[in-house]
Every structure is written in structure tokens, then in C-alpha cells.
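In: here is a sequence together with a model predicted from it:
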Amino acid sequence: MKIFKSALTGIAFLALAALVAFFTLMPVLLEQQANKIAGDAGSAPDAASLALHDTLVIADLHADTTLWSRSLLGHADRGHVDIPRMLEGNVALQMFTTVTKSPKGQNYDTNSAESPDVISLLALAQRWPVETRDSLTARALHQASRLEEAAQSSESFVLVTSKGELASLLAERARGTQIVGGLLGTEGSHALDGKLANIDTLYEAGFRMMSLQHFFDNKLGGSLHGLSNAGLTVFGEQAVDKMVAKGIMIDVSHSSEQVVLDVLARTTVPLIVSHTGLKGHCDSKRNISDETMHLVAERGGIIGIGFWDAAVCEESIYAIVDALRYGIDTFGLEHIALGSDWDGAVTAPIDVANLARLTHGLVQAGFSEREIRAVMGENIVAFFKEHLPD
């Protein structure tokens, strides 16, 4: 009997150790594997490039940082974005997007909505609130609360939800204040849990951009990586109408080409493609056709160039530079911006602290100062000044 009790004690101890490891080590290991810094980071910036970089207003359209358990307040030893590194990189604005469901493998060719959801396991390992187990809206709200907590805990970070708040942030930075701003967006509108009323719920929580799809078809319509290649559904049309009425900016970065065309036909508002490559530069399944992208640009939309290989075909600063050059020459300077997809389970050649290497790459490639200022952030700021709510 004594041996039996000792065995049970040993089993219980091992089970407890396994649980502790799952909740403490698993989130760290998962992110270390998902969000790497690798590839050709380009050459170190010279004094002239650094001087120019320090005068830029820098903005990026897409980072999934709120998905991960680490604090935004400290300089992390993993991932791509946190507030100290944003300050180090001279970033003014970052759009943070909330990932609420993603299929195992994240196949760029085809995914079923019924594929195992990897976010459920990540949420469990990171001990998200119990309501996030069954509600994608709750997952989006939980990630939004992390950004709000960061804003309440740091004098160096503000959540931007209106034109007035954007103007205040830019004025503070112009005075030399070390401060950065964040905005909230969704990574796919399955985050609505199929309810139009949740557009209001997310808007009240600070969301100002909503993407329509992610890696799979959803109730709103087809994904670029789904099974149907379908356009907007009736529910999708209703959701788009309500987003436009609320003044929510619409992101079509993972939408099927037919969804993009349907949104363009249904609305008059400019669209965002928050993180993408350009088909004519990188013939990847991740990138929609130049013909459709021309329509987005002609409507006054803005296109965020991604930093990972499936978007620009290489893990390299020079591939990002080439994509930006192609975008300017093909679609017009005012439509091209940064859309890194940092912390989005991608490998990037730099993190946010090292953006001066990108500025240096643009200088080396012969970009004019006007072009550099525009693509590094002024185009995004101009877009937000026009399309954020009053």
C-alpha cells in the first residue's frame, strides 16, 4: 500500500509539472517558433540614413502582437513588436489586429473552416478568459483589452480611435514627446460570431478597422485561401453596409478577389489591403492580381506591403524595397505603405526596432526623400486623418 501511495504521489507530481510546463513554457515556445527574425536584414544604416529616419513619421498597417501572452510594456526577447522597440524604431502608429481563429498549417492554397483551430490551443495555453473558448468576439475583445491596459499603464503609448486623438498624438510627437499610438483592427470578421450587433460591440471597444476574411471562408464570403472563391454573402453585404455606416475602415487583405470586387461595387469608400505583396512583383498565391489591386488604388485605397517571404518572395530587406518600388511605379505613390504582418506567425528580416535598416535600403535603392516619407508612414497618416471618425 505504501508503494502504491508513493506511485500515486509521483504521478500527481508529474501531472502537476506537465501542467506548469504547458502554461508557462508552451506560449513562449510557440511564439519563438512562430515569430522569427531571419534572412537578409540589409546593411547597417549610415549616418545620413539614420538622420533621415529620425525625422520620419512611421506607421504600419498590420501586426498581430496582441495574440501573444508577453507584455507590450517590456523589451521582449522574442517576437517583433513591443512599445520599447516601437520607440527605438521611431514608430508613430501601429495597427494591431486581433486573430480569433486560424486553421492548422495556414495553407495559402486552400483551407476549410472546419480545420482544427490553432488559436483555441493557444488561448488555452495562455489562460484566456473562459468565455473565449466558444466566442470569437470574446477573443477579439480580450486582445483589445490588452491594448487598452497597455495604454493605461504606459505614458508612452496611446490608443487612437478618432481624428482628434490622432492629431493629439502627432502634436505630442512633434514636440519631441517619446510616445507611440496603436489602433485596433480585426483579422477576419468571423470575429462577429455571425451577429451584426457585434459590429457595434467591437466599435465601442475601439475597433476602427475590420478585415472581412482570414485563412478560410466565413459567413461574410470567400477567402483568398478558402474553398469557394465566392463573393460576399447576404450577411456579408449587410455587414459591409453597417461597417461603412459606422465609419469602420474595411480591410480586404485575405478576401477572395470576388469579395474585393463585390465590396468595390457595393460601396464608394476607399479600402485597405493591410498586409500583402503584389502579384506582378511576387507571383504568390498570397497576392491578388494587379488588375484588382489597380481597382483598389483607383478608389483611393491604401496597400500595405508585407515583410515575409510569401508576400515579397524572399526573407530580405531588398525584396521589401523592390516590392515598394514596384508598388509606387504600378499603382501610384500615395497608395503604397508598410503592412509588415509582424507577430503574425511569419519570419521577417527585421523587427520594429530595426526599421532604420529599411530606410537605409530605400536610400540605397535611390528612392527620393518624398517617396521614403510617404511609404514609411505619411500615406497611412493621411488615410487615417480622412477616414477615422470625428
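Out: That came in fine, so what should we check first? This structure is a prediction, so every number in the text was calculated from the model and none was measured.

In: who touches stretch 86-95?
Out: Counting by Cβ atoms under 8 Å, 6 or more residues apart in numbering, stretch 86-95 makes contact with 53-54, 56-63, 81, 156, 160, 166, 169-170, 173, 178, 180-185, 209, 274, 351-356, 377, 380-381, 384, all of which sit outside it. Every C-beta, even on glycine, is put in place using the N, C-alpha and C of the backbone.

In: quick check: end-to-end length of it?
Out: The first and final residues of stretch 86-95 sit 12 Å from each other (Cα to Cα, to the nearest Å).

In: likewise for stretch 265-281?
Out: Its first and final residues considered, stretch 265-281 spans 26 Å by Cα to Cα.

In: equivalent analysis for stretch 335-342, please.
Out: 20 Å.

In: can you point out the buried residues in it?
Out: Neighbour-count burial for stretch 335-342, with 16 or more other Cβ atoms under 10 Å as criterion, is recorded at 335, 336, 337, 338, 339, 340, 341, 342.

In: then stretch 223-240?
Out: Judged by neighbour count using 16+ other Cβ under 10 Å, the buried positions of stretch 223-240 are 223-226, 230-233, 235-237, 239-240.

In: what is the mean pLDDT for it?
Out: Stretch 223-240 comes out with an average pLDDT of 97.

In: not counting that stretch itself, show me its contacts.
Out: Outside stretch 223-240, the residues that touch it by Cβ under 8 Å, 6+ apart are 106-113, 189, 192, 194, 196, 199, 212-217, 219-222, 250, 254-259, 261-263, 266-267, 285-286, 288.

In: distance from the chain centre to that stretch, please.
Out: Between the mean C-alpha point of stretch 223-240 and the mean C-alpha point of its chain there is a distance of 20 Å (Cα atoms, centre = their mean, to the nearest Å).

In: cool, and stretch 314-331?
Out: With Cα atoms, centre = their mean as the basis, the distance from the averaged C-alpha position of stretch 314-331 to the chain average is 19 Å.

In: just stretch 116-127 next, same as before
Out: Taking mean C-alpha positions (Cα atoms, centre = their mean), stretch 116-127 and its chain are 19 Å apart.

In: do the same with stretch 339-347
Out: For stretch 339-347, the gap between its own C-alpha mean and the chain's C-alpha mean amounts to 7 Å (Cα atoms, centre = their mean).

In: before we move on, what about stretch 290-305?
Out: Taking the mean of its C-alpha atoms, stretch 290-305 sits 18 Å from the chain's own mean (Cα atoms, centre = their mean).

In: going by secondary structure, residue 95 is in what exactly?
Out: Take DSSP states H and E as the rule and residue 95 turns out to sit in strand 91-99.

In: give the buried residues for that strand.
Out: Per 16+ other Cβ under 10 Å, strand 91-99 contains these buried residues: 91, 92, 93, 94, 95, 96, 97, 98, 99.

In: so after the helix or strand of the chain with the lowest mean pLDDT, what's the next helix or strand?
Out: Using mean pLDDT, DSSP states H and E, helix 2-24 stands out as the lowest-scoring helix or strand of the chain, at a mean of 49. The C-terminal neighbour of helix 2-24 among helices and strands, as given by DSSP H and E, is helix 26-34.

In: avg pLDDT for that following helix?
Out: If you average the per-residue pLDDT over helix 26-34, you get 84.

In: now name the helix or strand holding residue 120.
Out: In this structure, residue 120 sits in helix 118-125 according to DSSP H and E.

In: which helices and strands does the helix or strand that that helix is followed by pack with?
Out: Along the chain past helix 118-125, the next helix or strand (assigned with DSSP H and E) turns out to be helix 136-153. Of the remaining helices and strands, those touching helix 136-153 by 3 or more Cβ pairs under 8 Å, 6 or more residues apart in numbering; DSSP states H and E are strand 91-99, strand 157-159, strand 180-187, helix 197-204.

In: any chance of the ones you listed in JSON lines, with distance to residue 316 and mean pLDDT too?
Out: Below are the helices and strands packed on helix 136-153 laid out as JSON lines (distance: least, Cβ to Cβ, whole Å; pLDDT from 0 to 100):
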{"stretch": "strand 91-99", "distance to residue 316": "21", "mean pLDDT": "98"}
{"stretch": "strand 157-159", "distance to residue 316": "30", "mean pLDDT": "98"}
{"stretch": "strand 180-187", "distance to residue 316": "25", "mean pLDDT": "98"}
{"stretch": "helix 197-204", "distance to residue 316": "36", "mean pLDDT": "98"}
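
In: dump the ones you listed into TSV; add distance to residue 311 as well.
Out: Supplementary listing: the helices and strands packed on helix 136-153 in TSV, determined by distance: least, Cβ to Cβ, whole Å:
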stretch	distance to residue 311
strand 91-99	15
strand 157-159	27
strand 180-187	15
helix 197-204	26
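
In: average model confidence for stretch 377-390?
Out: Taken as a whole, stretch 377-390 has a mean pLDDT of 97.

In: same check, this time on stretch 48-55
Out: 98.

In: ok, which of the helices and strands packed on helix 136-153 comes nearest residue 305?
Out: Nearest to residue 305 among these is strand 91-99 (13.8 Å), distances taken as Cβ to Cβ.

In: and the angle for that closest one with helix 136-153?
Out: With axes from the mean of the first three to the mean of the last three Cα atoms, to 10 degrees defining the directions, strand 91-99 sits at 150 degrees from helix 136-153.

In: related to what we said a few turns ago, which of the contacts of stretch 86-95 count as buried?
Out: By the neighbour-count criterion of 16+ other Cβ under 10 Å, the contacts of stretch 86-95 include these buried positions: 53, 56-63, 81, 156, 160, 166, 169-170, 173, 180-185, 209, 274, 351-356, 377, 380-381, 384.
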